[in-house]
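[1] Mind folding the following:
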Amino acid sequence: MANERYVRPTIAGWIFPTLIAPWIASYASVAGALALGVDFGKWQYAAWVVGLVFAGVFAFTYSLTLILIDLLLLAVRLRTFSTGGRAWLSTMLSVPAIFGVYTAFPPHKFWHTGAWGVAAAVFVPMLVGALVLRVFAGKKPLK
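    Residues are numbered from 1 along each chain as shown. Now for the predicted structure:
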């Protein structure tokens, strides 16, 4: 570790996996779920469209969340930007994990708590997933 040469992370090396990986993982997760087990009968194509629209909205929101969490952790000097294969792999694996939380605890079942309850059911797994992901995937800054 002490003899390891420091390589300064680039903005492109950080922003590219942060913006692209959630889109790839979201579309792959939805396509995999619809192809492997969910049968909607004659509404199969409608389910694909709705699922991919949801995946697009999720990917946009999750990318924005990752950027904000990265900037927050960098501002308080807890972690630097995650780059390279670690950034790609960790982001690709976090999206199906968050979708798994949505499957176990569907956000629409929180309707009795009101709009804030549904919003919390959607955004809390995203925020927790992004924070845990970036704490473990990022590197500690040099002192």
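[2] any idea how far the helix or strand that contains residue 130 is from the chain center?
    Secondary structure assigned from DSSP states H and E places residue 130 in helix 115-137. Put simply, helix 115-137 sits 9 Å off its chain's centre (CA atoms, centre = their mean, to the nearest Å).
[3] now what about that helix, what contacts it?
    58, 61-62, 65-66, 69-70, 73, 78-79, 82, 86-87, 90-91, 94, 97-98, 101-102, 105-111, 113 (CB atoms under 8 Å, 6 or more residues apart in numbering). (Each C-beta comes from the backbone N, C-alpha and C, glycine too.)
[4] 6 Å - rerun?
    Contact with helix 115-137 is made by 62, 65-66, 69-70, 73, 79, 82, 86, 90, 94, 98, 101, 107, 110, as judged by CB atoms under 6 Å, 6 or more residues apart in numbering.
[5] can you pull the buried residues of that helix?
    Neighbour-count burial for helix 115-137 flags 118, 121, 125, 126, 129, 130, 133, 134, 137 (criterion: 16 or more other CB atoms under 10 Å).
[6] re the thing from before, lowest-confidence one in the contacts of helix 115-137?
    The member of these with the lowest pLDDT is residue 82, at 84.
[7] Could you tell me which ranges of this structure sit under the pLDDT cut-off?
    Within the chain, the stretches with pLDDT under 70 are 1-2, 4, 6-7, 38, 143.
[8] what about the residue of it positioned farthest from its centre, which SS state?
    Centroid-distance maximum for the chain: residue 3 at 33.6 Å, with CA atoms, centre = their mean. Under DSSP: H, G, I helix; E, B strand; the rest coil, residue 3 falls in the coil class.
[9] do residue 77 as well
    Under three-state DSSP, the three-state class of residue 77 is coil.
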